[in-house]
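K.L.:
this one's sequence-less:
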Ligand SMILES: Cc1cc2nc3c(=O)[nH]c(=O)nc-3n(C[C@H](O)[C@H](O)[C@H](O)COP(=O)(O)OP(=O)(O)OC[C@H]3O[C@@H](n4cnc5c(N)ncnc54)[C@H](O)[C@@H]3O)c2cc1C
Ligand code: SF4
């Protein structure tokens, strides 16, 4: 038997954590192979189509757990292909959170100030830009006006969208057909490939084991390109360093499955999962009141009636992001769009004796779908998610050919988490129902539990080995050479959209990985510019990592 | 139906699943003899939208389980009727023989947390719903061109001639609130 193929670094997953590592390490001179379980879908293959089997189900992943369902990407580019590209930085108080452990849960080395240069790197690379009111959609506008009417502030949210190319088609979750959404397919990943990184789609990593010389073997299955339930082959690769970036719903599962081969995992692997305190409410607007109370109008047609038009969330309201408030009282509200299906089934409507998600009243609610406004809460949960034993392969038992599976994440919200949801529900209701503007109800948690598009913290950084799986350099405790750079490394809920923080932490972790490669004899340096060649943010971090820069 | 024997095999499965889909998104009867659709709401519902086509597709992953689904919900319907002393029309599958209110009450029980088969029934409900509000069994452009009942009722707006969506008018185009006073130069919270 021939010996397995070798690389310096194997990156597992090609979302934010994976793409950023692949780019910098390849640019620095390492031989990098990226294994990604999903397909590599090109721009002209992103379809505006709800048909099962179109790009929508090819690139999307929906895993139902016990009390928490996870939504994410399943393709080269990971969550960046399906995301809404709303990219705020996390508020200062977030880094001081204590959460369920009663003491600061972030590593002492990280706070908002120290993360700022790394945020800047990502902002330059994607890029992320501050937005003006001229690009705020009708749905964002109606939310902003309602916030204003209720005495709140509201901000056009910073985004990674090229407004000149965006058609406001709202097909964000199927992948952007117009290259307007700045996914990783447009920056870090092509730049990584240009530096020699290999990306292998439809390669799903199952577990790691050790090599005799202190490196790692990575064991994968090849996945059928149409029916993801079918395994088309398997193989093994070897590397000195493994960067795990399969996302917070998958990284801990791979590590759990590796435990018999690698030895005991830190206690926090597969624990302390956070859903970013997410919660959704649907407001059904009264079009006459939108005109009368908010003074809004569109040239032809109703005052609003435009739930279909737009580009995901455009406006966020941050009044409750006040560091002087007690923990669990802080949350942000954001206007959002989910397409029919995922965005409609859980929405509830009042009935004579309560509320319902199906039946005649729901059908009537659907008839008014263009008047819907979805309000998204990100609050502080209690890191109460725990992964059960891993499924046979991947991170779920796949039910459908694509998209839908059953996973083992258990989540029983604590009183703190429920409190955050309750007060944010009440505020969404107060704002949107004021003066008869709308009828508001939260989505039901009865069908698929709570849900999150922002899985976090299931393999987190920290200073305390008892409650964190990674040290503050993102290295897995007790398993030198395994680094985790995805959302699972984030210590807890962020109260805002997480991708920029995940990406900033990944950027910050790179110098440490470069050091680990050098310690293993790999000739590699740090200091690549942004993928398009910009250098300002790179130059700003160089003083922090002088010793790693090759002249 | 011409004879009064209980329908069997495919008929039972179809009628039962239609009745289930009609419970999720109810519609008007297709004709005076329609027993599957309860007629609980005006306009076409999930059945007319193509629920059975969607459930029968290979992609959702439940096409093999449909007979089991029908059998299961009929057994639950019998139990439900027995507990309440309801007399069911023996010519119909038990779930079909229930009134809309009873079908809905049973579906609610089956999909409520704590029910041992909850996941199984939620999955069926999910796909029935998607037939109506997503037309996930059709190309969306075809569904719109054909006047698909769900997307049409929701007012889903059509694409450009090339089948892609673009909205030239999308913004009120003016400042509609004060921004948060602590917003940083990057547009983020401080
Ligand atoms: C609909 C939607 C909208 C969103 N909108 C926003 C937004 O506007 N702003 C924001 O900040 N965040 C948003 N997010 C969240 C954001 O996408 C994620 O936080 C982010 O992508 C997480 O990055 P990551 O590196 O942790 O993992 P991911 O980006 O999820 O990447 C993980 C990758 O690993 C792959 N993978 C998984 N298992 C394996 C395996 N065993 N082997 C190989 N590969 C594997 C996956 O297929 C995936 O490509 C959104 C998410 C969704 C679902
Ligand atoms: S709304 Fe804009 S950014 Fe989003 S998918 Fe459409 S064109 Fe791309």
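P.N.:
Ah, there it is. Computed from a prediction, not measured in an experiment: that's the story for all the values here. Ligands and ions are numbered 1, 2, ... in the order given.
K.L.:
contact partners for the residue of the stretch 51-200 of chain A found nearest ligand 1?
P.N.:
Residue nearest to ligand 1 within the stretch 51-200 of chain A: residue A:79 (2.1 Å; CB to the nearest ligand atom). C-beta coordinates here come from the backbone N, C-alpha and C atoms, glycine included. Residue A:79 makes contacts with A:15, A:16, A:72, A:73, A:247, A:499, as judged by CB atoms under 8 Å, 6 or more residues apart in numbering or on different chains.
K.L.:
try it again with 10 Å
P.N.:
Residue A:79 makes contact with A:13, A:15-17, A:59-61, A:71-73, A:183-184, A:247, A:453-455, A:486-487, A:498-499, A:502, according to CB atoms under 10 Å, 6 or more residues apart in numbering or on different chains.
K.L.:
relative to residue A:228, how far out is it?
P.N.:
17 Å (CB to CB, to the nearest Å).
K.L.:
one more: residue A:61?
P.N.:
For residue A:61, the distance to residue A:228 equals 9 Å [CB to CB].
K.L.:
run through the residues that contact the closest residue to ligand 2 within the stretch 401-550 of chain A.
P.N.:
Here the stretch 401-550 of chain A gets closest to ligand 2 at one residue, residue A:499, 14.5 Å apart by CB to the nearest ligand atom. Taking CB under 10 Å, 6+ apart, we find residue A:499 in contact with A:15-16, A:78-80, A:83-88, A:122, A:126, A:128, A:160, A:454, A:487.
K.L.:
also residue A:506?
P.N.:
Taking CB under 10 Å, 6+ apart, we find residue A:506 in contact with A:15-21, A:24, A:118, A:121-122, A:188, A:243, A:245, A:474, A:483-487, A:489, A:513.
K.L.:
those in helices, which ones?
P.N.:
Those of those mapping onto helices are A:16, A:17, A:18, A:19, A:20, A:21, A:24, A:118, A:121, A:122, A:188, A:513, per DSSP state H.
K.L.:
my read is that the fifth one contacts residue A:510, right?
P.N.:
Yes: counting by CB atoms under 10 Å, residue A:20 sits close enough to residue A:510 to count as a contact (7.2 Å).
K.L.:
what about these two, which has more around it?
P.N.:
residue A:20 (33 against 26; other CB atoms under 10 Å in any protein chain shown).
K.L.:
not counting its neighbours along the chain, what's nearest the more buried one?
P.N.:
Closest residue to residue A:20 apart from its sequence neighbours, by CB to CB, 6 or more residues apart in numbering or on different chains: residue A:506 at 4.2 Å.
K.L.:
quick one: residue A:376 is in a helix?
P.N.:
No: counting by DSSP: H, G, I helix; E, B strand; the rest coil, residue A:376 is not found in a helix; it is strand.
K.L.:
helices along the chain, start to end?
P.N.:
Since you didn't name a chain, this refers to chain A. Remark: helices assigned in chain A by DSSP H are A:16-27, A:55-58, A:79-82, A:112-125, A:138-149, A:188-194, A:251-262, A:287-294, A:360-367, A:415-433, A:499-519, A:536-541.
K.L.:
sorry, I should have been clearer: chain B.
P.N.:
Here chain B has its helices, by DSSP H, at B:9-24, B:46-49, B:51-56, B:66-84, B:94-97, B:100-110, B:118-133, B:140-145, B:149-153.
K.L.:
which helices and strands does the last one pack with?
P.N.:
Meaning helix B:149-153. Contacts defined by 3 or more CB pairs under 10 Å, 6 or more residues apart in numbering or on different chains; DSSP states H and E place helix B:149-153 against helix A:360-367, helix B:46-49, helix B:118-133, helix B:140-145.
K.L.:
which residues does the last one contact?
P.N.:
So the one you mean is helix B:140-145. Applying CB under 10 Å, 6+ apart, the contact partners of helix B:140-145 are A:47-51, A:54, A:56, A:171, A:340, B:49-50, B:134-139, B:148-152, B:156-159, B:162-165.
K.L.:
re earlier: among the helices of chain B, which is the most enclosed?
P.N.:
Among the helices of chain B, the stretch with the highest mean neighbour count (mean count of other CB atoms under 10 Å in any protein chain shown) is helix B:46-49, at a mean of 28.
K.L.:
hmm, back to that, and the residue of the stretch 401-550 of chain A closest to ligand 2, how far from residue A:246?
P.N.:
Applying CB to CB to residue A:499 and residue A:246 gives a distance of 15 Å.
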